[in-house]
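Trainee: missing the sequence, but the structure's below:
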């Protein structure tokens, strides 16, 4: 696999150029490019430049509004709603996460329901940002059906990621961000591109049979992680990120989608809670002792540790040449 | 395994007698006996009379307050706190779930933080009750360490159940209630009692080796469901049901515990959300269509379906005779 070294500024810039050329205004392009750059910075290639062709496709097709003007309104003091104006999610986050944090700080908790948005990134940028405000956060999105509920061999769930972040006084937040599919579709796509097998239990081929060939799984269906219990979590996410916030579940997001290769319209659920209020002010010592004991166990690595390590490296990143060529071909 | 048939009224009565004899006042005994009876009614033996010896042990030792007077206060309009007064959890629920439902109805969402309580039951009674008020609910508790975080072979997490309930207009709520251990400790204990092996991946023996012998796992450690992803969920529950609500994580609950065989003091997190407000009034059609499609897939059974089927049977239940003898020996 041949690669080119790009600085983080170059990664931002190539993403920004591609998005702008495809029709996004500066504010929308910058918000997405920043999200893409931060994914590459943190070592999450499947959410980095790898996504640009999809972002571009949906701007070019007109499905996604490159001039989106997401608007916040308060249904109650703690129930905030953002109409994403059919744009990509990062600009909605840029405008609405601070008001969400303020509402949770003041009242103890608050929810941001995002509708009419296209989410094509990781979820940790949202939850980590809230945890940096001293809040614990939970967020999830659904997508298009690619995961079979436990026991079935037909897709109904998206890969349905769930992210959780917990604030720490003298350390970066404890954050996990995981697909409830056995593996993220982005990682299956990268394995297929690189010709590598995936672990058993990842998915079924188009005939409903187990396979470790990522190309067969792309034609077939993914499985949830953790059998029936993981399948329950995936189901919960369909309901939270869809109907609860006033949007569609994955099946309906797909039925509405144009099939242009980019992300469908859908919703996002973001819950922020203030441990200072909910605990009556006594959370910090206990949570730090718990995290210390967790980190000291042999064989345990705290979630997000690798991401934070990667982040300390401000040097260039290795970018796949085929991908670069593909992105550059969209920039005139 | 010899059994005796008991009516639901007899199950309630024997539980009530045992709890009263052990020192609980009528209000506390009735609340717990009702929870135990409903578990047997729904076919959940591991949360039914099987728990009475543990309930009794902690009343007799004085660890649990049989005359608990749980008190609700509002930290904000949406952050409610219940001091459990060191009693068993069901009376706290009886007093606090209605006010939680009212707060969520009015504001869109609310949290009930329960502290100084002893929770020894399933979680679906709490979440199902909230869903019957038209709310979606999430609840979790931690316990004492019996589950090793992914990668480790020493316990840090409790079996840490998570329950989720979703309201339906013309059907009982969609509810799941699952341990984040690969299997609930109650089921391991029942397998040990009945001399049956448990599935591979359930736990490790005291030397950190895999085993399917439940008696060895009771001496060793359980594993989380679903590898590192299930382990993340278990970690989240430690933080939500412990520090977030102002209580201890499992490790500290155990350090404080007297070891009398009953449940430790700990916390409970209960979140209630009003889909009518969070969705702007458009949730119901989409969620019903999603649930319909899920239920129609070959190989899929909706969660809680078996519980609701059992519930329709108002006849007597088969109760293990050794267990009955054990309980009756505590009633003079």
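Mentor: Received, thanks. What you see is a predicted model; the values in this text were computed from it and never measured. Residues are numbered from 1 along each chain as shown, chains lettered A, B, ... in the order given.
Trainee: residues near residue A:289, how many?
Mentor: For residue A:289, the neighbour count with other Cβ atoms under 10 Å in any protein chain shown is 15. Using the backbone N, CA and C atoms, a C-beta is placed for each residue, glycine as well.
Trainee: do the one 5 residues further on as well
Mentor: Residue A:294 has 22 neighbours, counted by other Cβ under 10 Å.
Trainee: and it, what is it in contact with?
Mentor: Going by Cβ atoms under 8 Å, 6 or more residues apart in numbering or on different chains, residue A:294 touches A:300, A:302, B:149, B:156, B:235.
Trainee: Show me which residues of the stretch 1-150 of chain A sit near chain B.
Mentor: When proximity is defined as Cβ under 8 Å from any Cβ of the partner chain, the stretch 1-150 of chain A approaches chain B at A:75-79, A:81, A:106-111, A:113, A:136, A:148-150.
Trainee: Find the nearest non-adjacent residue to the residue of chain A found nearest chain B, please.
Mentor: Relative to chain B, the nearest point of chain A is residue A:226 (2.3 Å; Cβ to the nearest Cβ). Of all residues beyond its chain neighbours, the one nearest residue A:226 is residue B:226 (2.3 Å), with distances taken as Cβ to Cβ, 6 or more residues apart in numbering or on different chains.
Trainee: Residue A:330 reaches residue A:20, doesn't it?
Mentor: No - if you go by Cβ atoms under 8 Å, residue A:330 and residue A:20 don't touch, sitting 10.8 Å apart.
Trainee: ok, the residue nearest the centre of chain A - contacts?
Mentor: Note on chain A: the residue nearest the mean C-alpha position is residue A:122, at 2.4 Å, using Cα atoms, centre = their mean. Residue A:122 makes contacts with A:39, A:44, A:47, A:161, A:163, A:177, as judged by Cβ under 8 Å, 6+ apart.
Trainee: Now, those that are in helices?
Mentor: Among the contacts of residue A:122, the members found in helices (DSSP state H) are residue A:39.
Trainee: looking at this, the residue nearest to the centre of chain A is in a helix?
Mentor: No - with DSSP: H, G, I helix; E, B strand; the rest coil as the criterion, residue A:122 is assigned coil and is not in a helix.
Trainee: which stretches of chain A form strands?
Mentor: A:3-6, A:71-74, A:79-88, A:109-118, A:136-141, A:162-166, A:174-178, A:203-204, A:210-211, A:221-222, A:266-273, A:317-320 (DSSP state E).
Trainee: Mean pLDDT lowest where, among the ones you listed?
Mentor: Of all the strands of chain A, mean pLDDT reaches its minimum on strand A:210-211 (a mean of 91).
Trainee: contact partners of it?
Mentor: Residues outside strand A:210-211 that contact it (Cβ under 8 Å, 6+ apart): A:200-201, A:203-205, A:217, A:220.
Trainee: show me which of those neighbour chain B.
Mentor: Counting by Cβ under 8 Å from any Cβ, no member of the contacts of strand A:210-211 reaches chain B.
Trainee: sorry, back to before: I figured the residue nearest to residue A:226 hits residue A:230, correct?
Mentor: Yes - using Cβ under 8 Å as the test, residue B:226 is close enough to residue A:230 to be in contact (5.0 Å).
Trainee: got the contact list for residue A:141?
Mentor: Residue A:141 makes contacts with A:119, A:123, A:158, A:160-161, A:237, A:241, A:266-269, as judged by Cβ under 8 Å, 6+ apart.
Trainee: Show the pLDDT at the nearest residue in space to residue A:215 that is not next to it in sequence.
Mentor: In this structure, residue A:215 finds its nearest non-sequential neighbour in residue A:192, 4.8 Å apart by Cβ to Cβ, 6+ apart. At residue A:192, the model reports a pLDDT of 93.
Trainee: ok, residue A:192 to residue A:222 distance?
Mentor: Relative to residue A:222, residue A:192 is positioned 13 Å away (Cβ to Cβ, to the nearest Å).
Trainee: If you count surrounding residues, which of those two has more?
Mentor: Taking other Cβ under 10 Å, residue A:192 and residue A:222 do not tie; residue A:222 has more neighbours (27 against 16).
Trainee: Report the angle between the helix of greatest length in chain A and helix B:89-107.
Mentor: When chain A is parsed with DSSP H, its longest helix is helix A:89-107. Angle, helix A:89-107 to helix B:89-107, by axes from the mean of the first three to the mean of the last three Cα atoms, to 10 degrees: 120 degrees.
Trainee: before we move on, back to that, who touches the residue nearest to residue A:215 in this structure?
Mentor: So residue A:192 contacts A:214-215, A:218 (Cβ under 8 Å, 6+ apart).
Trainee: which of those residues are buried?
Mentor: A:214, A:218 (16 or more other Cβ atoms under 10 Å in any protein chain shown).
Trainee: Take the contacts of residue A:192 and write them to JSON lines, including distance to residue B:55 and pLDDT.
Mentor: Formatted as JSON lines, those follow (distance: Cβ to Cβ, whole Å; pLDDT from 0 to 100):
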{"residue": "A:214", "distance to residue B:55": "51", "pLDDT": "95"}
{"residue": "A:215", "distance to residue B:55": "55", "pLDDT": "95"}
{"residue": "A:218", "distance to residue B:55": "52", "pLDDT": "91"}
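Trainee: Restricted to helices, list the contacts of residue A:192.
Mentor: Short answer: those in helices (DSSP H) are A:214-215, A:218.
Trainee: Got the phi and psi for residue A:304?
Mentor: With angles defined as degrees, to the nearest 10, residue A:304 sits at phi 80, psi 0.
Trainee: Can you tell me the closest non-neighbouring residue to it?
Mentor: residue A:175 (4.2 Å).
Trainee: Let me know whether the one you found touches residue A:127 as I believe.
Mentor: Yes - look at residue A:175 against residue A:127 with Cβ under 8 Å: they come within range, at 6.0 Å.
Trainee: the more surrounded of these two?
Mentor: More neighbours surround residue A:127 than the other of residue A:175 and residue A:127, with 29 against 23 (other Cβ under 10 Å).
Trainee: Nothing else from me, thank you.
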